[in-house]
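here is my input; please provide its structure:
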Amino acid sequence: MTNPHKQHHPTTYALTTLSQTKMALHASRHGTASAPVHGVLLGFRRPSPDGDRRLVLADAVPICHEAPTKPLVEAALRLVEGYLDNVRRGGKNDKTEEDGDGDGDVKIVGWYTANAHVPSAATTESDTAEKREMPNIPAMKIASSMSESRPRDHLEGDFVLALVSTPAWTSIVNPPNNTHDDDDDDDNHPAEEIIDDFRICHLFERSKSAAAAAASFTHPVPSSRISTSNDPPDGNSRHRVDVRRVLSEALARVPLTSLEAYHPEEKTPPLRIYDYVDHVSNFGVDGAEGLGRRDWLENRAVASFVDDFDVGKMG
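Numbers count the residues shown, from 1 in each chain. Coordinates of the predicted model:
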């Protein structure tokens with residue numbers, strides 16, 4: 001029986017390479033649009049013996065690249081929930097023994113957004129830079145509504161809002177020209193630390209301040225409570241991946257236009273990601289493009305790209 005007086009530690013969050021890649025690709029594909037992009041985060045809770053609650057943000061489902069109207073969001077969420085129900089009935093993503101509390105099934109655990117890259121005429125450059133690192137209001141409202149509608153037995157910290165960081169995204173698209181010096185081999189910061197520390201997004205929790213109730217999900221999660229994880233939803237394999245390198249190659253493959261031709265013989269074919277809006281606009285679209293738009297729930301081309309990107313498989 002659970003002790004009601006037991007004090008829980010704050011939730012820690014683990015971002016997988018897959019969820020980060022999908023968020024970054026979604027932001028990149030529609031990065032010149034004047035409207036933010038939005039999507040759902042899928043994950044599971046994995047408590048540890050010392051009392052920490054770890055929420056693994058395992059995957060991302062792109063929803064839209066336009067105003068997230070209530071009918072659009074509700075229709076998309078129904079399809080995502082139906083997809084997850086089918087996954088559970090099919091025996092995929094089953095709970096493992098280490099999940100412990102029986103909450104290892106993959107569920108909707110958050111919302112993500114990437115702010116528009118085109119500033120309005122009323123903002124200065126400094127204002128825009130500051131606002132880009134705070135979630136947009138529609139995203140905060142959606143996250144607040146979704147978290148409030150969750151069952152009462154869900155613990156605090158089981159829902160999070162992710163914001164794709166403009167500086168982090170820019171550092172991948174336009175990396176600084178840093179040269180490596182052989183004298184740096186004895187540096188106290190091994191490459192693995194740099195690999196594990198890189199994150200494409202900021203995380204925000206619901207604000208606990210009553211004064212901030214109207215601007216929920218404005219409380220930034222400290223970096224000390226965020227890590228990167230390459231644990232897949234089934235928990236069967238673990239490997240360390242250079243997240244920055246994965247994102248760099250993925251974003252380099254984003255087509256310049258949505259109509260860019262796909263040539264199977266190309267060594268590095270374009271890497272496309274599709275959202276729910278692409279899916280509902282699928283009518284009359286044939287071939288690989290049409291198939292891709294129908295695969296918005298999983299975006300299997302992206303998942304395969306990430307899955308193949310471990311040591312010895314690529315590059």
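
which stretches in the stretch 101-250 of the chain count as strands?
Applying DSSP state E, counting those that start in this stretch to the stretch 101-250 of the chain gives strands spanning 107-114, 160-164, 201-205, 219-220, 226-228.

and of those strands, who's closest to residue 250?
Counting by Cβ to Cβ, residue 250 lies closest to strand 160-164 out of those; the figure is 13.4 Å. Any C-beta I mention is one placed from the backbone N, CA and C, and that applies to glycine too.

about what we covered before: could the strands of the stretch 101-250 of the chain go into a markdown table alongside mean pLDDT?
Conversion of the strands of the stretch 101-250 of the chain to a markdown table gives the following (pLDDT from 0 to 100):
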| stretch | mean pLDDT |
| --- | --- |
| strand 107-114 | 95 |
| strand 160-164 | 96 |
| strand 201-205 | 94 |
| strand 219-220 | 90 |
| strand 226-228 | 87 |
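
okay, those in CSV with mean neighbour count and distance to residue 53 next?
Supplementary listing: the strands of the stretch 101-250 of the chain in CSV, determined by neighbours: other Cβ atoms under 10 Å; distance: least, Cβ to Cβ, whole Å:
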stretch, mean neighbour count, distance to residue 53
strand 107-114, 26, 12
strand 160-164, 26, 12
strand 201-205, 23, 12
strand 219-220, 15, 16
strand 226-228, 18, 13
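
could you dump those strands into TSV with distance to residue 16 added?
Compiled in TSV, these are given as follows (distance: least, Cβ to Cβ, whole Å):
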stretch	distance to residue 16
strand 107-114	12
strand 160-164	12
strand 201-205	12
strand 219-220	20
strand 226-228	7
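
which one of these lies closest to residue 145?
Nearest to residue 145 among the strands of the stretch 101-250 of the chain is strand 107-114; the distance by Cβ to Cβ comes to 9.5 Å.

what packs against the closest one?
Helices and strands touching strand 107-114, as assessed by 3 or more Cβ pairs under 8 Å, 6 or more residues apart in numbering; DSSP states H and E, comprise helix 17-29, strand 37-47, strand 53-64, helix 70-89, helix 137-148, strand 160-164.
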